[in-house]
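1. Sequence first, then the predicted structure:
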Amino acid sequence: MTAQLTLGSLALLGAAGVAAGIVGGLLAGLLGVGGGIVIVPALYLAFTATGLGGTSAMQVAVATSLATIVFTALSSSRAHHRRGAVDMALLRRWTPWLAMGVVLGSLLGAVLDGRAMIAVFAAVALAVSATMLFGRGMPTTAPRHASPFAWAVTGLFAGGVSALMGIGGGTVCVPVLSHLGYDIRRAVGTSSALGLVIGLPGTLVYILAGLGQEGLPPFSLGYVNLPALALIVPFTTGFAVWGARIAHAIPMRALRICFGLFLAATAIRMIIDLLSAGSPA
């Protein structure tokens, strides 16, 4: 049984989708994060406020966000690639491990409580934020060598966390690459392309896991809500291009600070939600 749409719920979902699409698209192009860190909470709050998500509101928000990331990553990565900021060798090295982590994370996301996922991510985001804000990074002319095992572990971790939270891999990938000495713009550009590796398998798993579930919003394919997807994608893909232009127009240190502050604000918001008496958003 699916929930019923009303004019009021449509208006609220539409406003949330447009706002999340614009901000998420800008962040995707600017920071390589896929925009899901904005889209997921916006959709979750909209679905719960309208009563359309039922007990699966978090899964629907995460799955729909991953679906938008597929399109956002295409737009953002093209913009970065035109500026030579996508490392194709790194993509080939990391893609298998990221994809594997995404599948495992998506399977877990269909059954785990949202509070556990958010608590882990908030802690990781705070640690990464401190590294980006106060760390100096390595010289961009000589990236530090990492073993195949290190690439495998970070890829599995980034893919798993991204699938659990419905976000692009930039939240983990950008700081890792920056620590290894990659140019911050190259780290952002490559992470934008990795969003496709994360979004596509994650979306497929959440679709299959949600088939036949009760109480989903109308016009949902598994856990992916198609109207929300259709509304958000034009804004994320359009504004991702502008975000990429901004990323290549500001100093690298400013971009590192921007990324660090963004992660800190996100982590603080998550901690406040966890400490409140509300639901696991």
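-> That came through, no problem.

2. what helices or strands is the helix or strand where A240 lies leaning on?
-> According to DSSP states H and E, A240 maps onto helix 226-247. Applying 3 or more CB pairs under 8 Å, 6 or more residues apart in numbering; DSSP states H and E, one finds that helix 226-247 makes contact with helix 7-31, helix 36-50, helix 57-81, helix 184-210. From N, CA and C alone the C-beta is placed, and that goes for glycine too.

3. Can you list the buried residues in that helix?
-> By neighbour count on 16 or more other CB atoms under 10 Å, the buried set for helix 226-247 is 227-229, 231-233, 235-241, 243-244, 247.

4. Measure how the helix or strand that comes right after that helix sits relative to helix 36-50, angle-wise.
-> Next helix or strand after helix 226-247 toward the C-terminus (DSSP H and E): helix 252-275. Orientation of helix 252-275 against helix 36-50 (axes from the mean of the first three to the mean of the last three CA atoms, to 10 degrees) gives an angle of 30 degrees.

5. Output helix 252-275 as CSV, restricted to C-alpha atoms.
-> What follows is helix 252-275, C-alpha atoms only, in CSV (Å, rounded to 0.1, in the frame of the first residue of the first chain):
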residue,chain,number,x,y,z
MET,A,252,43.7,25.9,-3.7
ARG,A,253,44.0,26.8,0.0
ALA,A,254,40.6,28.5,-0.1
LEU,A,255,39.2,25.3,-1.6
ARG,A,256,40.7,23.2,1.2
ILE,A,257,39.2,25.5,3.8
CYS,A,258,35.8,25.5,2.1
PHE,A,259,35.8,21.7,2.0
GLY,A,260,36.8,21.5,5.7
LEU,A,261,34.2,23.9,6.9
PHE,A,262,31.5,22.1,4.8
LEU,A,263,32.4,18.8,6.5
ALA,A,264,32.5,20.3,10.0
ALA,A,265,29.1,21.9,9.5
THR,A,266,27.7,18.6,8.2
ALA,A,267,29.1,16.6,11.1
ILE,A,268,27.8,19.1,13.7
ARG,A,269,24.3,19.0,12.1
MET,A,270,24.4,15.2,12.3
ILE,A,271,25.4,15.2,16.0
ILE,A,272,22.7,17.6,16.8
ASP,A,273,20.1,15.3,15.1
LEU,A,274,21.5,12.3,17.0
LEU,A,275,21.3,14.1,20.4
